[in-house]
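Colleague: below is the structure, and that's it, no one-letter string:
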């Protein structure tokens, strides 16, 4: 299922061993961060395109996912550790220039990484994950976004989320993709099985859910909020599938207050899994926007 141009490698960074999908070469790094419950595999349709555009592309399985080290304990998944991972990967690649591309939970990391200026970035792309300040504002308004975010509260419980997601061969993981997708033909069973198989690995589901536990009951979101949200000054592209049932498009409201050079592209017929649900459209948007550099 992977393009022959994509290679697999192991990268040592921040004390962990990361399984990374790589394509292209050179000193311009495009680092792609996946979300929950995904893998580096979720970027399979973008990796060759970015490589053709002249980037050395790295798409890692994030800590706890897939073939990457799974440290124990909730605090191992604190947002500060996740940003350290990104910094470590950039340091390992030693690029002249870094383009950070992220989706869902990867987007949480990317937004904060960019605003904290942990490492220099030339460009930022975030797909279907609002700026943290805008998400918080949507929650404060109450109503619809609280209902959409019900799973975040459930994920704070011990063992139950893992039991539900892991039942019947991790059927719940596959169902999360298929039920939300607009273009279900892009999620055949062999694709879903990649994600189900990864979720069946020992301690994998606990690691994945611990991202949410560390952020909310663990205080990571509160710590970041206390630091404030300085304006991001690198050129930033948001790609948004409007049929997202987890995050309402209204969570984009006010983003320009926090990003000085912002482009927003909305895809009416794509879901939360935008880069997998509408790969041709997403790739066209990336080509168009990156050509403006």
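Modeller: Okay, I see it. Please read all numbers here as calculations on a predicted model, not as lab measurements. Numbering: from 1, shown residues only.

Colleague: which stretches in the protein count as helices?
Modeller: Per DSSP state H, the chain carries helices over the ranges 47-52, 79-93, 105-116, 132-141, 144-148, 150-154, 160-180, 189-199, 204-215, 220-226, 274-277, 279-290.

Colleague: comparing those helices by mean pLDDT, which bottoms out?
Modeller: Of all the helices of the chain, the minimum mean pLDDT falls on helix 144-148 (a mean of 89).

Colleague: packing partners of that one?
Modeller: Packed against helix 144-148, as judged by 3 or more Cβ pairs under 8 Å, 6 or more residues apart in numbering; DSSP states H and E, are the following elements: helix 132-141. For the C-beta atoms, the positions are set from N, CA and C on the backbone; glycine is no exception.

Colleague: rewinding a little: residue 254 is nearest to which of the helices of the chain?
Modeller: helix 132-141 (5.1 Å; Cβ to Cβ).

Colleague: list the buried residues in the closest one.
Modeller: 132-135, 137-138 (16 or more other Cβ atoms under 10 Å).

Colleague: and which of these is nearest residue 175?
Modeller: Nearest member of those to residue 175, counting by Cβ to Cβ, is residue 135, at 24.6 Å.

Colleague: that closest one against residue 253, yeah?
Modeller: No - checked against Cβ atoms under 8 Å, the pair residue 135 and residue 253 is beyond contact range at 10.5 Å.

Colleague: most centrally placed residue in this structure?
Modeller: Against the mean C-alpha coordinate of the chain, by Cα atoms, centre = their mean, the closest residue is residue 106 at 2.5 Å.

Colleague: next up, the contacts around it.
Modeller: With contacts defined as Cβ atoms under 8 Å, 6 or more residues apart in numbering, residue 106 is in contact with 32-35, 62, 129.

Colleague: and if we set it to 6 Å?
Modeller: The contact partners of residue 106, taken as Cβ atoms under 6 Å, 6 or more residues apart in numbering, are 33-35.

Colleague: most neighbours among these, which one is it?
Modeller: For the contacts of residue 106, the largest number of neighbours (other Cβ atoms under 10 Å) sits with residue 33, at 30 neighbours.

Colleague: hey, what's it bridged with?
Modeller: residue 102 (DSSP bridges).

Colleague: that one against residue 102, yeah?
Modeller: Yes - using Cβ atoms under 6 Å, residue 33 and residue 102 qualify as a contacting pair, with a distance of 4.0 Å.

Colleague: which residues do these two both contact?
Modeller: If you check residue 33 and residue 102 against Cβ under 6 Å, 6+ apart, the residues they both contact are residue 110.

Colleague: residue with max distance from the center of the protein?
Modeller: The C-alpha centroid of the chain is most remote from residue 168, which lies 25.9 Å away (Cα atoms, centre = their mean).

Colleague: roughly how far apart are that residue and residue 232?
Modeller: Look at residue 168 and residue 232: by Cβ to Cβ, to the nearest Å, they are 42 Å apart.

Colleague: tally of neighbours for residue 65?
Modeller: 28.

Colleague: mind starting the numbering at 12 from now?
Modeller: In the new count, where the first residue is 12, that last one comes out as residue 76.

Colleague: check contacts around residue 176.
Modeller: 183-184, 216.
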